[in-house]
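> Sequence and predicted structure, then a few things I'm wondering about:
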Amino acid sequence: MLDGVLRRVSVGDVLEIPAGTLHGLRALCDLELTEVEIGAL
C-alpha cells in the first residue's frame, strides 16, 4: 500500500517512495527485499 492505494508488485519491480508517504508491504510468498534510505538532503 502506498498512500492508501493497493499495488501488486512483481519480480524486478522498483518502488520509489517519497519521504513522508505512508506505506506498507505484505508478502504472499517468500520475499527478498533490499531497502535503501537516504537521509535528509
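Nice, I can see it.

> Met1 touches Arg8, doesn't it?
No. Using CB atoms under 8 Å, Met1 makes no contact with Arg8, being 11.0 Å away. C-betas here are computed from N, CA, C, even on glycine.

> Residues that sit against both of those two, list them.
Common neighbours of Met1 and Arg8, counting by CB atoms under 8 Å, 6 or more residues apart in numbering, are absent.

> Looking at these two, which is more packed in?
Using other CB atoms under 10 Å as the criterion, Met1 and Arg8 rank with Met1 on top: 11 against 6.

> Can you tell me, leaving aside adjacent residues, what's nearest to that one?
Gly24 (4.9 Å; CB to CB, 6 or more residues apart in numbering).

> That neighbour: neighbour count?
Other residues lying near Gly24 total 7 when counted by other CB under 10 Å.

> Next one: it from Arg7, what distance?
Here the criterion is CB to CB, to the nearest Å. By it, Gly24 lies 11 Å from Arg7.

> Same question for Leu25.
To Arg7, Leu25 is 10 Å away according to CB to CB.
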